[in-house]
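Q: I need the structure of the sequence given here:
(one chain, ligands or ions: 1)
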Amino acid sequence: MSAADGREGLGGTEPLGVMATLRRGVQVSPQLVQGIGVTLLLAVLAAAGKVVVPVAVQQVMDTGVLADGGPDVQRVVTLVVAAALALVLGGLCSALVNVRLFRASEAGLAQLRVRAFRHVHDLSVLTQNTERRGSLVSRVTSDVDTISLFVQWGGIMLLVSTLQVAVATVLMAVYSWQLTLLVWLCFGPLVIALRPLQRRVNVAYTVVRERVGAMLGSVSEAVVGAETIRAYGVQRRVQRTVDARIGATRDAMVRAQNTVAWVFSSGVLVANLVLAVVVVVGTQLGVAGDLSVGRLLAFLFLVQLFTGPVQQATEVLNELQNAVAGWRRVLGIIDTPVRVADPGSAGVPSPRGPAAVELRGVGFAYPGGPPVLHGIDLHLPAGRSVAVVGATGSGKTTVAKLVTRLMDPTDGAVLLDGTDLREVRTADLRRRVVMVPQEGFLFDATLAENLVYGLRDDASPDGHPADGASLADAEPRLRAALADLGLTDWLAELPSGLATPVGQRGEALSAGERQLVALARAYLADADLLVLDEATSAVDPATEVRIARALDSLTSGRSTVTIAHRLSTAEAADLVVVVDAGRVVEHGPHEDLVAQDGVYAAMHRAWVAQTR
Ligand SMILES: Nc1ncnc2c1ncn2[C@@H]1O[C@H](COP(=O)(O)OP(=O)(O)OP(=O)(O)O)[C@@H](O)[C@H]1O
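A: Numbering: from 1, shown residues only. Got it, this is the predicted structure:
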């Protein structure tokens, strides 16, 4: 998917090939190949250790047991002891190779996870929406696991096996070039025949990774939405969807494994055939006097050393394809350009102070969708409040997301104190502009820990207090904020005050209380411009009064854009903007609009009749 076709998905247009993926993977996680020179050297020694047995067998037979002057026991003993020492050394090198590869891969993959996770945060909400959240999680978790499985096991096998094949070939050629040629003639066609099969395995594993992502997406959605699912009694329908995704993953896995099984079996078949051919031809060469018994025996050992890795290669191939498919998906995140980009130090600084906002000819279309905002012009003077009203789906929330720069407009510009938001440093923007959504996300922690998210520190470069700042240090500020908002009595009612756990997503609090926490957080953030999405959920009258009072304190003296669902909010605002089907159809003070007797006046009349 690409931005060009109107959708904002992850990754580039063309999936990377296997080699390109590996290259890009190493580029992103350079730790994977850190110290690879030493590791390679150790791997060569480990591979050399593998040929100790065939060489020893040949030497023991030809120069010990079948020595010209009769069996030489002393020589046999010396050879065996030397071989044992060489084997121990080879084993040691092999262990070191494992440890080094393991360490490098862990470091590389941890780095990959961190980069992918950070990038998910930098992506615009639009990109995140295009990709199911569960699928994003699977990219950072299970897809990285497949890479880890390959790098730690397959990577080691691949390295050791390749060297083993190389060393075995050289030694085989020393013993008998005729037999070596024969072995390669048998295996060459197999390697060529494997190519198309490899491609099929590659495709099959890409499908597996995609289906695993979809499965995790639907499972996590079912878990997160469990309450709604139960409330509407749609467990069976959701279960069917989840079952279907699990089934689809199983089918894809079986298909991929089937292909691998064929590749593996053909490898085993050819390996056994080669062994048989070597025995037949080797015996003939021996009879003709071209090959000693020791050399033939050693050659048979070497053929095993040669065919073992070739067979294992099919298994490694399996892991490799799975890993490449996973790698592609993780790289897809990292390589997705950040569309709502931070201009950073090249941006225009936006100092604190009363904020004025202007929308100049703003148009917007969600990716792949029709335009939802058309040529919006609007000016909010510093320190004033504006209420945006309109029917559901008219574009109010979209305006709010543009003003807070969660997304950029498709046409026109949003300006903060005369500067296009795209040119304002993100740190300054986040410091000065805060959005209070209808349902602020509460973390499964105490009330104090949730409030601290709002705290800002003007002395720090990104506006956030230093990580080391303790909760105890922050407590007086939290209490003062709650007092300013008139919430001291509410705090006193809570079982453990600031230490009260709010539960997962704030489930231990009522909807109204969650709103209070969101308002307190915004107050602590002390922004110059507040963008409020007025909550619609009904709360009890006492909480309603508390919320109204807290809102008054929060908004007093600040520029405020409120997406108003209650016309009482519009009545109290300095300016009312009426949006209809993505256009501003009326704007002005409440009294003027009522006097105009247009759309707003009709809405207001209907609301008055309903509520008073
Ligand atoms: N993430 C999205 N992807 C695609 N279309 C969207 C998305 N969000 C909103 N829309 C569409 O944009 C239009 C405006 O939506 P918006 O949420 O801004 O309306 P609203 O006035 O805030 O509605 P409400 O009062 O119900 O919150 C609607 O047609 C909606 O379907």
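Q: which residues of the stretch 351-500 of the chain score low on pLDDT?
A: 456-470 (pLDDT under 70).
Q: for it, what spans make up the strands?
A: In the stretch 351-500 of the chain, the strands defined using DSSP state E, counting those that start in this stretch lie at 357-365, 371-380, 385-390, 411-416, 419-420, 433-436.
Q: which of these sits most buried?
A: strand 385-390 (a mean of 24; mean count of other Cβ atoms under 10 Å). C-beta coordinates here come from the backbone N, C-alpha and C atoms, glycine included.
Q: And that strand, what does it pack against?
A: Applying 3 or more Cβ pairs under 8 Å, 6 or more residues apart in numbering; DSSP states H and E, we find strand 385-390 packed against helix 396-403, strand 559-563, helix 567-572, strand 575-580.
Q: Neighbouring strands - and their directions - for it?
A: Looking at strand 385-390 with DSSP bridges, its partner strands are strand 559-563 (parallel), strand 575-580 (parallel).
Q: Output that strand as PDB, restricted to C-alpha atoms.
A: Presented in PDB, the C-alpha positions along strand 385-390 are these (Å, rounded to 0.1, in the frame of the first residue of the first chain):
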ATOM      1  CA  SER A 385     -13.100  30.500  23.600                       C
ATOM      2  CA  VAL A 386     -14.800  29.000  20.600                       C
ATOM      3  CA  ALA A 387     -17.400  26.300  20.500                       C
ATOM      4  CA  VAL A 388     -17.600  24.200  17.400                       C
ATOM      5  CA  VAL A 389     -21.100  22.800  16.900                       C
ATOM      6  CA  GLY A 390     -22.700  20.700  14.200                       C
END
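Q: 115 is where my numbering starts, stick with that
A: Understood, numbering begins at 115; the last thing we discussed is strand 499-504.
Q: Give me the angle between that strand and helix 510-517.
A: 140 degrees (axes from the mean of the first three to the mean of the last three Cα atoms, to 10 degrees).
Q: How far away from the center of its chain is strand 499-504?
A: How far strand 499-504 lies from its chain's middle: 37 Å, per Cα atoms, centre = their mean, to the nearest Å.
Q: What pLDDT is listed against A200?
A: In this model, A200 is scored at 91, pLDDT.
Q: For L159, see how far away it is.
A: 10 Å (Cβ to Cβ, to the nearest Å).
Q: Ok, R314 next?
A: In terms of Cβ to Cβ, R314 sits 37 Å off from L159.
Q: Near the ligand, which residues of this structure? Just list them.
A: Those residues of the chain that sit near the ligand, judged by Cβ under 6 Å from any ligand atom, are 243, 480, 483, 486, 504, 506-512.
Q: What is the nearest of those to D647?
A: T511 (6.5 Å; Cβ to Cβ).
Q: how close does the most centrally placed residue in the chain sit to D711?
A: In the chain, the residue lying closest to the centroid (Cα atoms, centre = their mean) is V254, at 3.4 Å. According to Cβ to Cβ, V254 and D711 sit 56 Å apart.
Q: Identify whichever of the strands paired with strand 499-504 lies nearest to A594.
A: strand 673-677 (21.5 Å).
Q: Tell me which residues are up against that closest one.
A: For strand 673-677, contacts defined as Cβ atoms under 8 Å, 6 or more residues apart in numbering pick out 468-471, 494-502, 510-511, 513-514, 517, 642-648, 669, 683, 687.
Q: Just the CA coordinates for that strand, please, in PDB.
A: Taking C-alpha atoms only, strand 673-677 is exported to PDB below (Å, rounded to 0.1, in the frame of the first residue of the first chain):
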ATOM      1  CA  SER A 673      -7.600  30.000  24.300                       C
ATOM      2  CA  THR A 674     -10.100  27.100  24.100                       C
ATOM      3  CA  VAL A 675     -11.600  25.200  21.200                       C
ATOM      4  CA  THR A 676     -14.500  23.000  22.400                       C
ATOM      5  CA  ILE A 677     -16.300  20.500  20.300                       C
END
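Q: By mean pLDDT, flag the weakest helix or strand of this structure.
A: helix 239-244 (a mean of 60; mean pLDDT, DSSP states H and E).
Q: In the record's domain split, what are the boundaries for this protein?
A: The record's domain split for the chain, according to automatic domain parsing, is 132-448, 471-725.
Q: Where among the ones you listed is average confidence lowest?
A: When the domains of the chain are ranked by mean pLDDT, domain 132-448 comes last with a mean of 82.
Q: What's the end-to-end length of that domain?
A: Its first and final residues considered, domain 132-448 spans 17 Å by Cα to Cα, to the nearest Å.
Q: Now find how far off-centre it is within its chain.
A: With Cα atoms, centre = their mean, you get 25 Å for domain 132-448.
Q: Then stretch 595-602?
A: Stretch 595-602 has its C-alpha centroid displaced from the chain centroid by 39 Å (Cα atoms, centre = their mean).
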